[in-house]
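A.B. asks: Sequence and predicted model, in that order:
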Amino acid sequence: MRIIPLRRDIEEYIRIHALAKKWQKARKLFENNPRHPSLNTELLEPKENLLYSFRLDKKYRVIFLVHEDKSAEIVKITNHYR
């Protein structure tokens, strides 16, 4: 699944939190197989919003939605336990 280019605020979040290597690794896994076991991809509640997440690491999650053309748009990267 293709990930559309990130918004600047998300790129900045990755830079500020030193997540570039983790992001690149997770992005490659996701683009090859969005259901890769180490990503722990899941549909978020409420399910009708059709928002998904995958694990960047134990602390950070990537929130995304899937467009009709099967591309993924990253909405936010967030601290999972906040």
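C.D. replies: Nice, thanks for sending it over. Numbering: from 1, shown residues only.

A.B. asks: Distance-wise, check residue 12 relative to residue 6.
C.D. replies: To residue 6, residue 12 is 9 Å away according to C-beta to C-beta, to the nearest Å. In short, each C-beta sits where N, CA and C put it, glycine included.

A.B. asks: Looking only at neighbour counts, state which of those two leads.
C.D. replies: Between residue 12 and residue 6, counted using other C-beta atoms under 10 Å, residue 6 has the larger neighbour count: 16 against 11.

A.B. asks: For residue 35, give its distance to residue 15.
C.D. replies: Applying C-beta to C-beta to residue 35 and residue 15 gives a distance of 28 Å.

A.B. asks: Nearest the geometric middle of this structure, what residue?
C.D. replies: residue 62 (3.0 Å; C-alpha atoms, centre = their mean).

A.B. asks: mind checking which helix or strand it is in?
C.D. replies: Assessed by DSSP states H and E, residue 62 sits inside strand 60-66.

A.B. asks: what sits up against whichever helix or strand comes after that strand?
C.D. replies: Later in the chain than strand 60-66, the nearest helix or strand by DSSP H and E is strand 72-79. Strand 72-79 is contacted by residues 1-4, 6-7, 10, 13-14, 17, 19, 23, 30, 34, 51, 56, 59-67 when judged by C-beta atoms under 8 Å, 6 or more residues apart in numbering.
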